[in-house]
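S.K.: Dropping the sequence and predicted coords here.
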Amino acid sequence: MTEPAAANGFLDVERLLESSPARPRFNMGWGLGVILLAALIMTALAGGAPAEARQAVAVLSGLVMLAAIGGMCAFSVYTVRRLRAEQQRVEQIGELVQLRRWPEAAMALDAYLSRPAGTPQLRVQALAYLAPVLARLERYEDAITVQTYLIEQAGLDPAGATAMRIGRTMAMLHEDHLFDADRAISELRRSPAAGSAALALVELYRDVKTGHPTEAIELFEQKLTTFRDQLGHRAADAYALAARAYDLLGREAEARAAFWNATLLAPAIELFRRYPEVKKLSDRFHPAPAPPEAA
Amino acid sequence: MLRVDAAISRVRRDITLSVLLKVVLTCAAIACLIGGGSENVRVVALLGIGSLWFWLSLNSARSSRTSAESPLLIAAGQFEEAERNIERAVRTFSLFRAAKLQALHHLALLRHAQRRWQEAAAVARALLGQRLGPLQPISKSTLLLLADSLLEMNDLRGTYEATCALYRERLSLTEVLNLLPIQIDYSARIGAWPSMLDHVMDKVQLAELMPPALSARTQAFLALAAKNVGRPDMADWLRARAELLTDAQRLAAERPALKELWES
């Protein structure tokens, strides 16, 4: 897809972070309390008035109370419906991201985050979807900004924060922030992510990127079952990086086999986009043949 | 272990009781408001009714909160803890109809996770037979669970009916991802090979989003369909992908029909 430019304001991270915070909501309980109090005061003040006036005030305050309660009910129903619709909208964005429909997801996120979100939770959810979209558009610095914001300020749960840290480390590697990435990997090794396929993939990319193919192959062979069981089709990434590592060591047959497996699970063009280092293999190795429908 | 037939009848009984109790309490409150007699007695009676309602609601809410943890326990594989939680929710009287139905839904989820297909299907059917009201959204996940359980029991007619009911609903991506393997497995059992390959790349794309083992099984069934309609290129590609995602022997042990893919 054509990369939308941040320069024209599309998916401008600073703007979206500023425009999306949820506005404080009007507390209906206080409003109702004030109205009921006013009605009570009105009734009390009318205590010394003639009987007809007292009756009129009693009817009026009754009507005011009824209107206040009715209004609160209507407002609550409206608010719940609006929030439900907004939640559905964020869920649809999530589905677009999952289905890798990046242009639609990017446009939907830009529209959603350009206005105050209904609740802080929905905003965090949308920002969590924004990070992979930015990474997909190869705007890794922007992705890092969003991920750092979410890790430091959004109060994510431990699992969410760990996933975000892994994503940020991958973006750092793409942007050649090797020192920061290395430090982040060390921290992740001491976190619940230790031993996970996602962290192993980050380490594999670091080893390939920094020219340590022996370590990369050792890690790949040790973690192959974990990659398969935890990453599913994203194990293609591990095969692609392993192919590059084998190639760097001149182990051509193994490089060819790994490249074949990688391109069985994911299109070669997608792998080259994710890892430009793997593109060097495209001249020498053929991707696995796919039926015409998959082209 | 909680017997499902006992749980179902207990939930039905409690729902009827809660309706009766609400009617009695409402009638009593109206009688206090418009009836004759000493005003003090009426106020005290009204306060008593309100307090009883409040106490019952509080107990019911507490029970609902405990019950809400059950899906997390099931997902974490802590079946015994989940069973205890659900049993408590089923046995505790609740004023809220939704809380009782939710407990039944959790029981269906638990039995499905325990691979006790017959019991899961019985609870799911009992739940779908109730008026769900605000719990209507769980009808889709209950139907999915029912369809899967019936398929595991090889009840093809029941599976067909449950999946047809789902086609009439607007499904989320997660629900589609749960339905597709059932649909494909069912189609393979009835030998509907050409229809399995309709929009095959859409199905493959969805399969890529599934957990690895399920993704492998789905793609293996599609490979079988491709083989049966004379598309060896597609069959080889899908089979090779499935092999990379899981152990082929395990796949064939789970679904013997797939053995054909690895026979020369």
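M.R.: In hand now; what should we look at? Note that this is a predicted model, so its numbers are computed, not measured.
S.K.: residue ranges with poor pLDDT in chain A?
M.R.: Scanning chain A with the threshold set as pLDDT under 70 gives A:1-8, A:26-28.
S.K.: er, the stretch 51-200 of chain B actually
M.R.: For the stretch 51-200 of chain B (pLDDT under 70), the answer is none.
S.K.: Apply 90 and report the result again.
M.R.: Scanning the stretch 51-200 of chain B for pLDDT under 90 picks out B:51-72, B:75-77, B:85, B:88-102, B:129-138, B:167-170.
S.K.: tell me the SS of the residue nearest the centre of chain B?
M.R.: Centroid-nearest residue in chain B: residue B:142, 2.9 Å away (criterion: CA atoms, centre = their mean). Of the three states, residue B:142 takes helix according to DSSP: H, G, I helix; E, B strand; the rest coil.
S.K.: Return the residues in contact with it.
M.R.: Taking CB atoms under 8 Å, 6 or more residues apart in numbering or on different chains, we find residue B:142 in contact with B:105, B:108, B:124, B:127-128. (C-beta placed from N, C-alpha, C; glycine too.)
S.K.: neighbours around residue A:23, how many?
M.R.: The burial metric for residue A:23, expressed as a neighbour count using other CB atoms under 10 Å in any protein chain shown, is 9.
S.K.: Work out for me the element residue B:170 sits within.
M.R.: For residue B:170, there is no host helix or strand (DSSP states H and E).
S.K.: Please apply the same query to residue A:35.
M.R.: helix A:28-45.
S.K.: who are the neighbours of that helix, in terms of helices and strands?
M.R.: helix A:51-98 (3 or more CB pairs under 8 Å, 6 or more residues apart in numbering or on different chains; DSSP states H and E).
S.K.: Return the list of helices and strands in contact with the helix it packs on.
M.R.: helix A:28-45, helix A:102-113, helix A:120-136, helix B:173-189.
S.K.: How about residues contacting the third one?
M.R.: Applying CB under 8 Å, 6+ apart, the contact partners of helix A:120-136 are A:11, A:13, A:16-17, A:20-22, A:83, A:86-87, A:90, A:93-94, A:97, A:100, A:102, A:105-106, A:109, A:112-113, A:117, A:140, A:142-143, A:146-147, A:149-150, A:154-156, A:160, A:164, A:167, A:170-171, A:174.
S.K.: Check the residues you listed for burial and list the buried ones.
M.R.: Listed as buried from the contacts of helix A:120-136 are A:11, A:13, A:16-17, A:20, A:86, A:90, A:93-94, A:97, A:102, A:105-106, A:109, A:112-113, A:117, A:140, A:142-143, A:146-147, A:149-150, A:154, A:156, A:160, A:164, A:167, A:170-171, A:174; burial here means 16 or more other CB atoms under 10 Å in any protein chain shown.
S.K.: tell me the SS of residue B:47?
M.R.: helix.
S.K.: For it, report the pLDDT, please.
M.R.: Looking at residue B:47, its pLDDT stands at 85.
S.K.: ok, now how distant is it from residue B:33?
M.R.: When distance is defined by CB to CB, to the nearest Å, residue B:47 is 13 Å away from residue B:33.
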